[in-house]
Every structure is written in structure tokens, then in C-alpha cells.
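Trainee: got a structure for you, letters missing:
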Ligand SMILES: *[C@@H]1O[C@H](CO)[C@@H](O)[C@H](O)[C@H]1NC(C)=O
């Protein structure tokens, strides 16, 4: 009897030593793997938007939600939203200089709207699988995907120092592969 209980204490100690060791082994191994898969995702994303960053750190930040880090895409997203609206307004006015301000405003906000357009474009690009969020944040929600989508254009403008370049990439991405509901109107 005493021998058996000694044995079980021994096995429990061995088992817990193993459990104690394994987390550090796992995290040491998975840390570089995780960051390299993020880098691979950024490479793929650049191909999908047909734009290669001079400063990849800008795209890295664009794909970082505020739940994940202090260095996040909130401000990029704001710039991106205004680039999208400016680009679409210019497009619509170029096509029809007599467009009413109400039409212009309605159609511009339609293209930059979170649920109907922005999140659709972002989801089509697969941003829900790229953007970094905290473990208790759902990266597939409209606001996360839309924020990441807008941030791409803020990041491109910062990368080139020109709003135009970002607008061109937006029109190509939005109009490509079916685009949003208004893409035909805006693109043609
Ligand atoms: C995450 O959000 C998406 C889109 O809103 C939803 O379809 C999905 O069920 C959510 N997943 C979880 C685990 O809450």
C-alpha cells in the first residue's frame, strides 16, 4: 500500500513536470511561426490589391485592430474613409457635373457604408483572416473588417504621400470581382 501511493505521487510529479514544461516549449515554438504566417498573409494581400508597399510596416499597422495593440489602425481607417469618399465624389461629379448634392451625398455614403459596401469589400479580400485582434474579439464583424479595409487606403496614401494612388487602388479593388452594389455606376 505505501509503495503504491508513493508510486502514484511519483507519476503525478512526472506528469505535472511535463505539463509545466510543455507550455514554454509550445510558446517558444509558435511565436516565430505566428509572426511569419502574418507576414505571408501581408504578402498575399499585397498581391490581391495589386499594390506593393515600400514600407510594409504601414500595412502591418493597417491590419492591426485596436483590441490587439496600442499601435493600431484607428487613425488610418479615418483617413481611408475620407479617401474613399473623395474618390467616389470625384468619380460621380466627373461623370455628371450636374448631379444634385443630395444624390452625390447619398451615393457617396452608400459606397463607404459599413455593412453594405465596406465590410463586403473587406470580406471579399479575406481581411477577417488577416487582421490581428485580441483573443476575445471576433475578426469577422463588419466593424473590424471595414476598419481594416479602410485602413489599407490610409496606409497606401502614407506610403506614397499621395491620396491619388490610394484612390486608384480603391477603385480597382471595389470594382473588381463584382464589387459593391454601386460599383457599376461608379466605375463606368
Ligand atoms: C463572428 O462574427 C460573424 C459576423 O458577424 C458571425 O457570423 C459569427 O457567428 C461570429 N462568430 C462568433 C464566434 O461569434
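Mentor: Here it is on my side, so go on. Given the structure is predicted, the values throughout are model-derived calculations rather than measurements. Numbers count the residues shown, from 1 in each chain.
Trainee: okay, CA-based contacts and neighbour counts for the rest of this
Mentor: OK.
Trainee: what's the burial count for residue 127?
Mentor: The tally of other residues near residue 127 (other CA atoms under 10 Å) stands at 24.
Trainee: got the contact list for it?
Mentor: For residue 127, the contacting residues are 63, 145, 148, 149, by CA atoms under 8 Å, 6 or more residues apart in numbering.
Trainee: one more time with 7 Å, if that's ok
Mentor: With contact set as CA atoms under 7 Å, 6 or more residues apart in numbering, residue 127 has these partners: 145, 148.
Trainee: Begin at 28 from now on, thanks
Mentor: Yep, numbering from 28; the last one is residue 154 now.
Trainee: measure it to residue 135 for me?
Mentor: In this structure, residue 154 and residue 135 are separated by 23 Å, where distance is defined by CA to CA, to the nearest Å.
Trainee: Please report how far residue 192 lies from residue 163.
Mentor: 35 Å.
Trainee: Looking at the two, which one has more neighbours?
Mentor: Neighbours around residue 192 and residue 163, counted as other CA under 10 Å, are more numerous at residue 192. The numbers are 15 against 8.
Trainee: May I have the phi/psi pair for residue 91?
Mentor: With angles defined as degrees, to the nearest 10, residue 91 sits at phi -130, psi 110.
Trainee: and it, bridged to which residues?
Mentor: Using DSSP bridges, the beta-bridge partners of residue 91 come out as residue 159.
Trainee: and residue 164, which of the three is it?
Mentor: Here residue 164 is recorded as coil under DSSP: H, G, I helix; E, B strand; the rest coil.
Trainee: burial of it, as a residue count?
Mentor: Each residue near residue 164 was counted by other CA under 10 Å, and the total is 13.
Trainee: before we move on, which element is the residue most central in space within the chain in?
Mentor: The central residue of the chain, meaning the one whose C-alpha is nearest the mean C-alpha position (CA atoms, centre = their mean), is residue 175 at 3.4 Å. Using DSSP states H and E, the secondary-structure element containing residue 175 is helix 169-187.
Trainee: In that helix, which residues are buried?
Mentor: 169, 171-186 (16 or more other CA atoms under 10 Å).
Trainee: swap in stretch 98-111?
Mentor: Burial within stretch 98-111, assessed by neighbour count using 16+ other CA under 10 Å, is assigned to 99, 100, 101, 103, 104, 106, 107, 108, 109, 110, 111.
Trainee: Then stretch 192-205?
Mentor: Residues 193, 194, 196, 197, 198, 200, 201, 202 are the ones in stretch 192-205 that count as buried (16+ other CA under 10 Å).
Trainee: Now do the host helix or strand of the first one against helix 169-187, angle only.
Mentor: With secondary structure defined by DSSP H and E, residue 193 is part of helix 190-202. Here the directions of helix 190-202 and helix 169-187 differ by 140 degrees (axes from the mean of the first three to the mean of the last three CA atoms, to 10 degrees).
Trainee: What is helix 190-202 packed up against?
Mentor: With contacts defined as 3 or more CA pairs under 7 Å, 6 or more residues apart in numbering; DSSP states H and E, helix 190-202 has these neighbours: helix 101-122, helix 169-187, helix 210-214.
Trainee: Many thanks, I have nothing further to ask.
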